[in-house]
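Asks: Dropping the sequence and predicted coords here.
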Amino acid sequence: MGEGILTTGFWRRDGILVCEDVALTTIAAAVGTPTYVYSAESIRAAYRSLSTALVGLPVHIHYAVKANSNLAVLRVVHECGAGVDVVSSGELHRARLAGFSGKDIVFAGVGKTRTDLEHALDAGVQSVNVENEAELELLSELAVARGTVAPVSLRINPGVGNVTAGHAYIATGEEGTKFGIPLSRGIAAALRTAELPGLALVGLAMHIGSQIAEVGAFADAQRRLRDLLDAIRAAGVTTVRSVDVGGGFPIAYRDDEPVADLTSFARVLRDTFGDAGVELIVEPGRFLVAEAGVLLTEVLYRKESGAKHFMIVDAGMNDLLRPSHYEAHHGIEPVLPVTAPVQMVDVVGPVCETGDFLALNRAMPDVSAGTLLAVFHAGAYGYVMSSNYNSRPNPAEVLVDGDRWAVVTVRQTLDELVRDERLSPEWRSA
C-alpha cells in the first residue's frame with residue numbers, strides 16, 4: 001500500500017504520513033491541532049482478526065466503550081456487528097445514539113448509582129453486571145418497583161494477581177482491588193440473586209485487566225470461573241446461560257512488545273467452556289481502537305535547559321494523559337519526511353505541570369518549530385481521558401474512511417468551555 005506501513009491504517013505515501021488515503025497534512029491544515037484522527041478500516045481489520053480467531057465458538061464480541069466513546073467510532077463498531085460494554089449512563093446514552101439496542105448492551109461498572117440502574121432497566125439491557133451484594137439488593141428493589149425482572153450477571157474477581165504487561169493501574173483481577181465479587185463469595189452471591197425478587201441470574205462475568213500477554217494467566221482465571229459455574233449449578237442455580245470472559249487482549253506500543261496471541265486465547269476458551277453449555281462474551285476495547293488513532297500536534301518551540309533538549313508541542317497531558325498517568329510509551333514521528341539528525345529530547349506540552357509530557361528521553365529527529373507530529377496508538381484512552389485542565393479546550397476528532405474524512409467532534413471553543421458556569425449564580429438560602 002505504500003512505503004512501509006507504520007500501524008494498520010497509517011502509512012507513508014511519497015514520504016508523507018497518511019491515514020488510509022488521506023494525508024494528515026490535509027487534515028491538520030483544515031482542522032488545526034491538537035486533533036485526533038481515526039481510521040475506520042483499522043477498526044474493521046481488528047474486529048475481523050478477533051472474529052476469525054473465535055470462529056466456531058458460541059461467542060459475541062462486546063466492545064468496551066470506555067476505550068473510545070466517540071459516536072462515529074461507535075457506529076463503525078456497530079456496523080461490524082458487535083455489541084457493547086458500558087460502565088455509565090453516559091456511555092449507555094452514547095451507545096443507544098449510535099444504534100445499539102438494549103439487547104446489544106452489557107451494563108458493567110463498579111459503582112453504579114440508583115440512576116444508572118434505572119437507566120439500565122429502562123433500556124432493557126442484556127445484563128447488568130453486578131459487582132457487590134448491596135448492588136443486588138438495590139437492583140431488586142428497583143426491578144420490583146417497575147414490575148420487571150432484571151437480568152443479572154455476577155462480576156467475579158478471581159484473585160489471579162497482576163497479569164498485565166502494563167501498569168499496575170490497569171490490573172483488575174487481583175485480590176484486594178475494588179473490582180468484582182471475591183471468588184470465595186461467588187456461590188453465596190448466586191444463591192442470594194436467585195432468591196431476591198425481580199432478579200434473574202443469567203450470567204457470570206470477569207475482567208482481569210488490560211494488556212494481558214500471558215495466556216497462562218488468562219487460562220488460570222477462566223478455569224476459576226468455570227469451576228465457580230459448576231459449583232453454582234451444583235448448588236441448584238441452573239439459570240446461568242452466559243459467561244463474560246472480559247477482554248484485555250494486548251497491542252504492542254513498541255516493536256519489542258508482545259501482540260495478542262488470539263489463537264491461544266481462543267483455545268483457552270474452547271478448552272474451558274466448550275462443554276459448559278453457555279454463550280460467551282468477550283470485551284475488547286483497546287484491541288479494536290488503539291492502533292486506529294493518532295494524535296496530531298505541532299511543535300511550538302525548541303528549548304534547552306542544562307543538558308536537556310525540549311520539544312514543546314501544542315498537545316498536553318490534558319489531551320493525552322496516558323504518558324503522564326501510566327508512564328505509557330507512544331511512538332512519535334514527523335508527518336512530513338525530514339532529514340534532520342536524531343537527538344535525545346523530551347516532548348512536552350504547554351500545561352503547567354512537570355508531569356506534562358508525551359515522551360521523555362526519546363530519540364527523535366531534531367525538527368524545528370512548526371513541524372507537524374503524529375503520536376501513534378492514540379485511539380484508545382486518548383480523547384476519552386482528556387480534560388479542560390488549565391482551561392484548555394478539548395481537541396477535535398476526525399474519522400477517515402478510505403479517501404473520505406469528516407470532523408466527528410468539533411474543537412471546543414472558549415465560550416463552550418464556560419458554557420455551563422454561572423458568573424452571577426442564583427444564590428439560595430440555607
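Replies: Structure's in. What do you need? Keep in mind the model is a prediction, meaning the values are calculated, not measured.
Asks: what does stretch 83-91 contact?
Replies: The contact list for stretch 83-91 (Cβ atoms under 8 Å, 6 or more residues apart in numbering) reads 60-66, 69, 74, 77, 92, 94-95, 100, 104-109, 113, 115-116, 119, 126, 281, 283, 285. (C-beta placed from N, C-alpha, C; glycine too.)
Asks: contacting residues around residue 65?
Replies: With Cβ under 8 Å, 6+ apart, residue 65 has these contacts: 74, 84-87, 91, 94-95, 285.
Asks: Tell me how far it lies from residue 203.
Replies: Distance, residue 65 to residue 203, by Cβ to Cβ, to the nearest Å: 19 Å.
Asks: same deal with residue 61?
Replies: For residue 61, the distance to residue 203 - Cβ to Cβ - is 16 Å.
Asks: okay, those two: which has more neighbours?
Replies: More crowded of residue 61 and residue 203, by other Cβ atoms under 10 Å: residue 203, with 26 against 23.
Asks: hey, what's the more buried one bridged with?
Replies: Beta-bridge partners of residue 203, counted by DSSP bridges, are residue 153, residue 242.
Asks: you'd agree it is up against residue 243?
Replies: Yes: counting by Cβ atoms under 8 Å, residue 203 does reach residue 243; the two are 6.3 Å apart.
Asks: And the residue nearest the centre of the chain, its phi and psi?
Replies: Closest residue to the average C-alpha location of the chain: residue 67 at 1.7 Å, with Cα atoms, centre = their mean. Per-residue torsions, residue 67: phi -70, psi -40 (degrees, to the nearest 10).
Asks: Over to residue 406?
Replies: Main-chain dihedrals, residue 406, degrees, to the nearest 10: phi -150, psi 150.
Asks: With residue 36 instead?
Replies: Backbone torsions for residue 36, taken as degrees, to the nearest 10, come to phi -90, psi 140.
Asks: Contacts only, for it.
Replies: 293-296, 378-379, 382-383, 395-398, 409 are the contacts of residue 36 under Cβ under 8 Å, 6+ apart.
Asks: Below-threshold pLDDT in the protein: ranges please.
Replies: 1-6, 161-176 (pLDDT under 70).
Asks: go with 90
Replies: Under the criterion pLDDT under 90, the flagged ranges of the chain are 1-8, 158-179, 207-218, 247-250, 254-260, 306-307, 326-327.
Asks: can you list the domain ranges for it.
Replies: If you go by automatic domain parsing, the domain ranges for the chain are 10-32+292-417, 40-288.
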